[in-house]
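**Student:** Take this sequence and fold it.
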Amino acid sequence: MPSGVAIFNGIRVSWLSLVRVGRRIIGVSPPGDRQFREENTMNLLSRLPHLYLSRLPRISLMLLAAALALAGCASTPSNSGWITLLDNGKGLENFDRIGDANWRVEDGLVVADRGKGGHLVTKNSYRNFEIRAEFWAATDTNSGIFMRATDRNKIGSANSYEVNIWDIRPDPKYGTGAIVDVAAVPVPIKETAGGKWNVMQITANGPQLTVRLNGVMTVNVKDDRYTEGPFTLQYGAGVKGAVGGPIKWRKVQVRPL
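**Tutor:** Now for the predicted structure:
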């Protein structure tokens, strides 16, 4: 079956048509079709009773059912090899804690919003891998994913690759989407994270490093200073040591390459 085509009740339906229907239903204009599938499935499901009452005469039931089915199937990576480390508040046993961040589980999310700073450090080390992380951040959140750390007890950009989540970093070229001191982003920062749910995808394969935020590539660089180590989820202090905004991790997966 061609890519982008679904079969529902014996009828061939293009995925583009389903996306257009979904967009009209839930009233959003996402950054991309893949992002629509991944981030808006629960929104669509939660509003289904209202949709049936208010809009059913105006839409095709067949298209709605097919859109729901495809969106549900695409909510997580479909390829084999993915290892889920965090999901709906479960999986903290896969990490060691360093620092004084107040990590806890709230409403199925792993959250931190107080402390001078801290990390959740994976117990396993990784050389070549992909990471996929779903998170929510405020505009003043200082967070990130540090990878290939050479010292698991003292994490920093001087001994690991720091993929930043910080929309208002004082030096904005290494703000959200950048790898600190390795790969800058254009200023002013276009791909921000504050006030919404985001999907960050990181690939480290030998010296080749890529970062995508909500489907948009922010980093594509070669660097070989760090080759293997754990990765971490950070909560950091705000500007000039002020309390930063919260970081909320919903799902974190890794796939060794």
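
**Student:** Please make it C-alpha for all contacts and neighbour counts, starting now.
**Tutor:** OK.

**Student:** how many neighbours does the residue nearest to residue 109 when sequence neighbours are not counted have?
**Tutor:** Spatial nearest neighbour of residue 109, excluding adjacent residues (Cα to Cα, 6 or more residues apart in numbering): residue 89 at 4.6 Å. By other Cα atoms under 10 Å, the residues close to residue 89 number 18.

**Student:** now do residue 249
**Tutor:** What residue 249 shows, counting by other Cα under 10 Å, is a neighbour count of 23.

**Student:** Same check on residue 196?
**Tutor:** By other Cα under 10 Å, neighbour count at residue 196 equals 11.

**Student:** Just list the residues touching the residue nearest to residue 109, thanks.
**Tutor:** 105-110, 250 (Cα atoms under 8 Å, 6 or more residues apart in numbering).

**Student:** The chain: helices as residue ranges?
**Tutor:** 15-26, 33-39, 41-46, 48-55, 61-73 (DSSP state H).

**Student:** just to revisit the earlier point, could you write me a ChimeraX select line covering just the buried ones among the contacts of residue 89?
**Tutor:** In ChimeraX, this line selects whichever of these come out buried by 16 or more other Cα atoms under 10 Å:
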select :105,109,110,250
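
**Student:** Just put the contacts of residue 89 in CSV and tack on distance to residue 81 and pLDDT.
**Tutor:** Converted to CSV, those look like this (distance: Cα to Cα, whole Å; pLDDT from 0 to 100):
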residue, distance to residue 81, pLDDT
105, 26, 98
106, 28, 97
107, 28, 96
108, 24, 97
109, 24, 98
110, 23, 98
250, 20, 98
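
**Student:** Tell me the one of the contacts of residue 89 nearest residue 178?
**Tutor:** Closest approach between those and residue 178, by Cα to Cα: residue 250, at 21.4 Å.

**Student:** Verify the stated contact: that closest one with residue 90.
**Tutor:** No - contact criterion Cα atoms under 8 Å: residue 250 and residue 90 do not qualify, at 9.4 Å.

**Student:** which residues do these two both contact?
**Tutor:** Joint contacts of residue 250 and residue 90 (Cα under 8 Å, 6+ apart) are residue 108.

**Student:** circling back: which pLDDT value goes with the residue nearest to residue 109?
**Tutor:** As predicted, residue 89 sits at a pLDDT of 96.

**Student:** and residue 198, bridged to which residues?
**Tutor:** For residue 198, the beta-bridge partners are residue 135 (DSSP bridges).

**Student:** quick one, what contacts it?
**Tutor:** Contacts for residue 198 (Cα under 8 Å, 6+ apart) come out as 134-136, 213-214.

**Student:** which one of those residues is nearest residue 119?
**Tutor:** For the contacts of residue 198, the nearest to residue 119 is residue 135 (14.9 Å; Cα to Cα).

**Student:** For residue 222, see how far away that closest one is.
**Tutor:** Applying Cα to Cα, to the nearest Å, the value for residue 135 to residue 222 is 26 Å.

**Student:** Which one of those two is surrounded by more residues?
**Tutor:** Legend: neighbour count by other Cα under 10 Å for residue 135 and residue 222, higher for residue 135 (19 against 15).

**Student:** May I ask which of the contacts of residue 198 has the most neighbours?
**Tutor:** residue 214 (23 neighbours).

**Student:** Count the residues that sit near the closest residue in space to it that isn't next to it in sequence.
**Tutor:** Once flanking residues are discounted, residue 214 sits nearest to residue 199: 5.1 Å by Cα to Cα, 6+ apart. Residue 199 has 20 neighbouring residues, counting by other Cα under 10 Å.
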